[in-house]
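> fold the following, please.
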Amino acid sequence: MPREGRPVASAFCWREYTPTVVRTPARILVADDTPANVRMLEKRLQHNGYDVVVARDGEEALAVAHATHPDLILLDIMMPKVDGIAVCRRLKGDPAFPFTPIIMVTAMADSKDVVAGLEAGGDDYLTKPVDQQALVARVRSMLRIKALHDTVQAQTAELARWNATL
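Numbering: from 1, shown residues only. The predicted model follows:
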């Protein structure tokens, strides 16, 4: 029963509401200080239709992330100036990046290094040399999760707007 002076909301259909914040093509930041690694990752990602931006050290990774707001970040742990763990912590603590998945990419395969990367906020982990099929599969998986997260956030905001009119 509607309250006096309030509009009556029409039925809300979830199937009609499918926003996706992930751009097409998705923008991926590759942050690695080794040119050969950057070339391989960039080539594979571009071949799969992604827009790739590059950073060569931790400071540049932070600057490029703020300038381009990527949909996903591939982040090397061992980089000059600011290491990948610190970059990951800063980005995960920054409200400008509410949910930007970060895949840690590194030659360090020791379990303590994997745990450190994940505890810093990394969402997944790839070891070097990177298997190209695993790379593409994990990128797709993280972008799918981001799209679902962004959709839930948009629907939550829409429901809040609807509730304000009731």
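> any idea how far the least confident helix or strand in the chain by mean pLDDT is from the middle of the chain?
Comparing every helix and strand of the chain by mean pLDDT, DSSP states H and E singles out helix 111-119 as the least confident one, with a mean of 87. Per C-alpha atoms, centre = their mean, to the nearest Å, the displacement of helix 111-119 from the mean C-alpha position of its chain is 18 Å.
> tally of neighbours for residue 67?
Summarising burial for residue 67: neighbours were counted as other C-beta atoms under 10 Å, giving 10. All C-beta atoms are positioned from the backbone trio N, CA, C, and that covers glycine.
> from residue 88, how far off is it?
Per C-beta to C-beta, to the nearest Å, residue 67 is found 18 Å from residue 88.
> circling back to that earlier point, buried ones in the least confident helix or strand of the chain, by neighbour count?
113, 114, 116, 117 (16 or more other C-beta atoms under 10 Å).
> mind giving me the packing neighbours of that helix?
Helix 111-119 sits against helix 84-92, strand 102-106, strand 124-127, with contacts defined as 3 or more C-beta pairs under 8 Å, 6 or more residues apart in numbering; DSSP states H and E.
> adding mean neighbour count as columns, could you present those in TSV?
Listed next are the helices and strands packed on helix 111-119 as TSV, based on neighbours: other C-beta atoms under 10 Å:
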stretch	mean neighbour count
helix 84-92	21
strand 102-106	25
strand 124-127	18
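> quick one: which of those is nearest residue 73?
Taking C-beta to C-beta as the measure, these were each checked against residue 73, and strand 102-106 came out nearest at 4.7 Å.
> mean confidence for the closest one?
Mean pLDDT, taken over the full extent of strand 102-106, equals 93.
> element containing residue 41, please.
Assessed by DSSP states H and E, residue 41 sits inside helix 35-47.
> next, the angle strand 102-106 makes with that helix.
What separates the directions of helix 35-47 and strand 102-106 is an angle of 140 degrees, with axes from the mean of the first three to the mean of the last three C-alpha atoms, to 10 degrees.
> could you look up the SS state of residue 49?
Here residue 49 is coil, with the state taken from DSSP: H, G, I helix; E, B strand; the rest coil.
> ok, the closest residue in space to it that isn't next to it in sequence to residue 123 distance?
Distance criterion C-beta to C-beta, 6 or more residues apart in numbering; nearest residue to residue 49, sequence neighbours excluded, is residue 25 at 5.1 Å. From residue 25 over to residue 123 the distance is 20 Å, taken as C-beta to C-beta.
> these two - which one has more neighbours?
When neighbours are counted by other C-beta under 10 Å, residue 25 and residue 123 differ, and residue 123 comes out ahead with 21 against 14.
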